[in-house]
Structures are given as structure tokens and as C-alpha cells.
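S.K.: Sharing a sequence plus its predicted fold:
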Amino acid sequence: MLVFAIMWAIGNQVVAPVAATPSASPTSATRSPSAKPTTTTAAPKTTAPKTTAPRTTAPTTTPRTTSPVDQATSAIGSAAKKAAIASAVKGVDAAFSALQGDDSPPVIKLQQQWQSASADITAGKKPSQALEKFAGQVDDAESKGDLTFFEAQTLKFALSGVRAAL
């Protein structure tokens, strides 16, 4: 239904101005050079003189409004970004699933830290900062030996998907 609303709005904005422009008459383009154009003199129009009253109030400005197309595009873009972030977060969850069999306390703690960070990321609560903080925690776990090089790289690769979605 949203697609139809967008198409209707686009159609009205594109077709209405074209339909409102006057078209040239077909006879004006096909006149021969020897034919003399006929001119008609219209009676002079009488108009009342314009009077202007002194302005007593400040001019008002009209509020800026957005078109339905802009609103729809913004809504679609926002929904697409949320979907991309949610998918990237699921990618990190899948990377943790790949660490099956590593139920060591440091890895469990790292998973809990990811749950907190991913909640902030999906809620939009300083998502870049939450991501960078968690990436630092992955680096710390690798440097302490709690994660192997390959485990850390798996998580970092998944985190790069989140970073790209933000």
C-alpha cells in the first residue's frame, strides 16, 4: 500500500505541472512564410487602481512542509537501516554460535557484554560508541589469550558488518 501511495504522490508531482503548461497550437508551426498573420486588437481592459493599506503586523512565514514522497522515502530509508542493523547484529550472534564448545568464563562474559552492546545498538543509544567499546573488549580478550586469533577475527569480521550498517 505504501508503494501505491508513493507512486500516486510522484505521479501528481510530475504529471500535474506538465498538464498545466499551455501547449502550442498546431497551426502556428505549419504557417507558410508567404501567409501574413492576422492580428486582432482587443478592447483595452479597465482595471481598478490597486490600493495598499499600511502593514501593521510582521509578515508571517509559512512553515516548511515535506512532501509525501519525502516522508515516504525517509520512512523507507529508516526502516531499511533498522533492518540492516538488525541483520548485522544477528551476524555477530552467529559468530558467537561459531565459538561452540568454548564455554570458558571469559567467552561467556564477552557474550554478555555483546548482549548489552547489541541492545544499545539496536535501540539507537549511541550505537557507534557501544560498537567501538565492544570491539575493544574483543581486542582485550584476544590479547589476554581468552580468544584465539581466529575466534577474534571471526568476531571482528562480524562487527565490521555492524559498523557498515551504522
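M.R.: Received it, and whenever you're ready, just let me know what you need. Residues are numbered from 1 along each chain as shown.

S.K.: May I see the buried residues of stretch 144-162?
M.R.: For stretch 144-162, burial by neighbour count (16 or more other C-beta atoms under 10 Å) applies to 146-147, 151-152, 154-156, 158-159, 161-162. (Glycine included, C-beta is placed from N, CA and C.)

S.K.: any idea of the pLDDT on Ser67?
M.R.: Predicted confidence (pLDDT) for Ser67: 71.

S.K.: picking that back up, quick one: which of the buried residues of stretch 144-162 is nearest Ser128?
M.R.: Val162 (9.7 Å; C-beta to C-beta).

S.K.: Need the nearest residue in space to that closest one, chain neighbours excluded.
M.R.: Leaving aside its chain neighbours, Val162 sits nearest to Ala88 (4.2 Å; criterion: C-beta to C-beta, 6 or more residues apart in numbering).

S.K.: could you list every residue that touches the one you found?
M.R.: Neighbour list for Ala88: 158, 161-162, 164-165 [criterion: C-beta atoms under 8 Å, 6 or more residues apart in numbering].

S.K.: now swap in Trp114 and tell me
M.R.: By C-beta under 8 Å, 6+ apart, the contact set of Trp114 is 92-93, 96, 134.

S.K.: Which pair in the residues you listed has the greatest spatial separation?
M.R.: Asp93 and Phe134 (12.7 Å).

S.K.: thinking again about what came up before, would you check how far apart the residue nearest to Val162 and Gly145 are?
M.R.: 28 Å (C-beta to C-beta, to the nearest Å).

S.K.: Cool, thanks, signing off.
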